[in-house]
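# sequence and predicted model, in that order:
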Amino acid sequence: MDRLLLGGPRRWTRLEVAQRSGVDPARTQRLWRALGFADVGDDDEVFTDADVEALRALGALIDSGFVDLDTEASIARAMGQSLSRLADWQTDMLAALLREHPGEPVDAVRAAEMLLPLMRDVQDYVWRRHLSANAERLLAAGPDDATDRRELAVGFADLVGYTSRSRGMGGRELGAMVEDFEGLTADLVARHHGRVVKTVGDGVLFTCTTAVDAVEIGLRLPEEWAAADRPPLRVGAAFGPVLTRLGDVYSPVVNLASRLTSLARPSTLLVDQDLARLLRGVRAYRVRPLRRVSVRGYDHLQPWLVRRRPGTPVPGEDTGPFEDFLDDYTDEVLGSPDPDHPHDPRTT
């Protein structure tokens, strides 16, 4: 199994790999750690010919100018974290297969010989598809906007009471619930042109380029997730400039979305004022200001509750005197939309 996975026998020490690849030993150790692997002794023969070739390939990437010395460790760390999780999942699948069909140890090798090429081909396909989707976004933005700083809607979805609920669940039951949650979230976010940045057990972080897509995800997630045997879901979202780096997102907007999520009641969506302002003139939603609160990092934070307007939106529909008053008040606080340009381009 070891030879099959690593492409040959373990025959080289860390220093020999560095010498054969032409990469400095200190640098090879830094990259090894960044990929998420434990340190090995200088005299331990744990590396294969594939490790030598991988370091040579990295050297070629650096020579091409695609990867520079200042970012190579960060790239290795991001790649290692993503692929480590993928490897954990695939190993669990292989273990489950072997449990269902117990036999000699050689069965594991045979299963791996059959599955590895298939998994490699699927991973290559998915990777290329994601590259294509990102390239389309980059080209659509134009060369002047090709930057890692963008204006995005950032959303958090959080399972309410997950910790207490999970204590009374068995491993299989808990795993099934988490799988259902991640599957529903990934499907819904993709349907509305968003991107799942990461999932952490009881929560998910996602981004969208438009306010309406973010709100649709935030409203539909609790609705589609709701069931008697599941903890309720709450969502918070904010809009603003975001730094995208190595597949992750960084910005005060991310922190703000997280704070809004913690303030939201079960099965509700709270947004910040910038995102609420982008919903002006969108008749599908009702936006209402809530009482200001102080939370860590934000004094007098103003949450905005977003709900779907009942019925099919009709221009000039009568919503009742009180709702009309609240609509007028909301527009006054946010600033009335321009009648000639009722929709911000970031809305849809």
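Done, it's in.
# ok, which stretches of the stretch 51-200 of the chain are helices?
Counting by DSSP state H, counting those that start in this stretch, residue ranges of the helices within the stretch 51-200 of the chain are 72-100, 106-141, 162-167, 171-191.
# residues of the second one that come out buried?
With burial defined by 16 or more other Cβ atoms under 10 Å, the residues of helix 106-141 counted as buried are 108, 111, 112. Every C-beta, even on glycine, is put in place using the N, C-alpha and C of the backbone.
# and if you look at stretch 252-269?
Going through stretch 252-269 with 16+ other Cβ under 10 Å, the ones that come out buried are 253-261, 264, 267-269.
# from the residues you listed, which is closest to residue 47?
When the buried residues of stretch 252-269 are ranked by distance to residue 47 (Cβ to Cβ), residue 254 comes first, at 38.5 Å.
# if I read this right, that closest one contacts residue 154, doesn't it?
Yes - with the criterion set as Cβ atoms under 8 Å, residue 254 and residue 154 qualify as a contacting pair; they are 5.3 Å apart.
# overlap in contacts, these two.
Applying Cβ atoms under 8 Å, 6 or more residues apart in numbering, one finds that residue 254 and residue 154 are jointly contacted by 205, 238, 242.
# of the residues you listed - the most surrounded one?
Highest neighbour count within the shared contacts of residue 254 and residue 154, by other Cβ atoms under 10 Å: residue 238, with 29 neighbours.
# so that one: helix, strand or coil?
The three-state assignment at residue 238 reads strand, by DSSP: H, G, I helix; E, B strand; the rest coil.
# that one touches residue 258, doesn't it?
No - with contact defined as Cβ under 8 Å, residue 238 does not reach residue 258; the gap is 9.0 Å.
# and residue 113, how close does it get to residue 119?
Distance check for residue 113 against residue 119: by Cβ to Cβ, to the nearest Å, it reads 12 Å.
# for residue 191, same thing?
The span separating residue 191 from residue 119 equals 26 Å under the rule Cβ to Cβ.
# just give me the residue closest to the centre of the chain.
Using Cα atoms, centre = their mean, the residue of the chain that lies closest to the mean C-alpha position is residue 197, 1.3 Å off.
# so the nearest residue to that one once chain neighbours are set aside, which of the three states?
Among residues not flanking residue 197 along the chain, residue 205 sits closest, at 4.5 Å (Cβ to Cβ, 6 or more residues apart in numbering). In terms of secondary structure, residue 205 is strand; the call rests on three-state DSSP.
# cool, and residue 288?
Under the three-state scheme (three-state DSSP), residue 288 adopts strand.
# now stretch 207-216: average pLDDT?
Along stretch 207-216, the predicted confidence averages to a pLDDT of 93.
# scratch that, stretch 256-263 is what I was asking about
If you average the pLDDT over stretch 256-263, you get 93.
# who's in contact with that stretch?
In contact with stretch 256-263 (Cβ under 8 Å, 6+ apart) are residues 154-158, 203, 205, 234-238, 240, 270-272, 293, 295-298, 301, 303.
# what sits against residue 30?
Contact analysis of residue 30 by Cβ under 8 Å, 6+ apart lists residue 73.
# so where is the stretch 51-200 of the chain shaky, pLDDT-wise?
Per-residue confidence of the stretch 51-200 of the chain (counting by pLDDT under 70) places the weak regions at 101-106, 137-148, 168.
# domain assignment for the chain?
Taking automatic domain parsing as the reference, the chain has its domains at 2-86, 103-146, 149-334.
# among these, which is nearest residue 92?
For those, proximity to residue 92 was assessed by Cβ to Cβ; domain 149-334 is nearest, at 9.5 Å.
# can you give me the end-to-end span of the closest one?
This stretch, domain 149-334, spans 25 Å end to end (Cα to Cα, to the nearest Å).
# residue 128 versus residue 121, what's the distance?
Taken as Cβ to Cβ, the spacing of residue 121 relative to residue 128 amounts to 11 Å.
# now swap in residue 200 and tell me
With Cβ to Cβ as the criterion, residue 200 and residue 128 are 27 Å apart.
# and residue 122, by the same measure?
The gap separating residue 122 from residue 128 is 11 Å, by Cβ to Cβ.
# neighbours of residue 283, just the number please.
By other Cβ under 10 Å, the residues close to residue 283 number 16.
# ugh, typo on my part, it should be residue 97
Other residues lying near residue 97 total 13 when counted by other Cβ under 10 Å.
# one more: residue 60?
The tally of other residues near residue 60 (other Cβ under 10 Å) stands at 11.
# which one of the domains of the chain is the most hemmed in?
The highest mean neighbour count among those belongs to domain 149-334 (a mean of 17), with neighbours defined as mean count of other Cβ atoms under 10 Å.
# distance from the chain centre to that domain, please.
Going by Cα atoms, centre = their mean, to the nearest Å, the spacing between the C-alpha centre of domain 149-334 and its chain's C-alpha centre is 15 Å.
# which residues touch residue 52?
Residue 52 touches 12, 17, 20, 21, counting by Cβ under 8 Å, 6+ apart.
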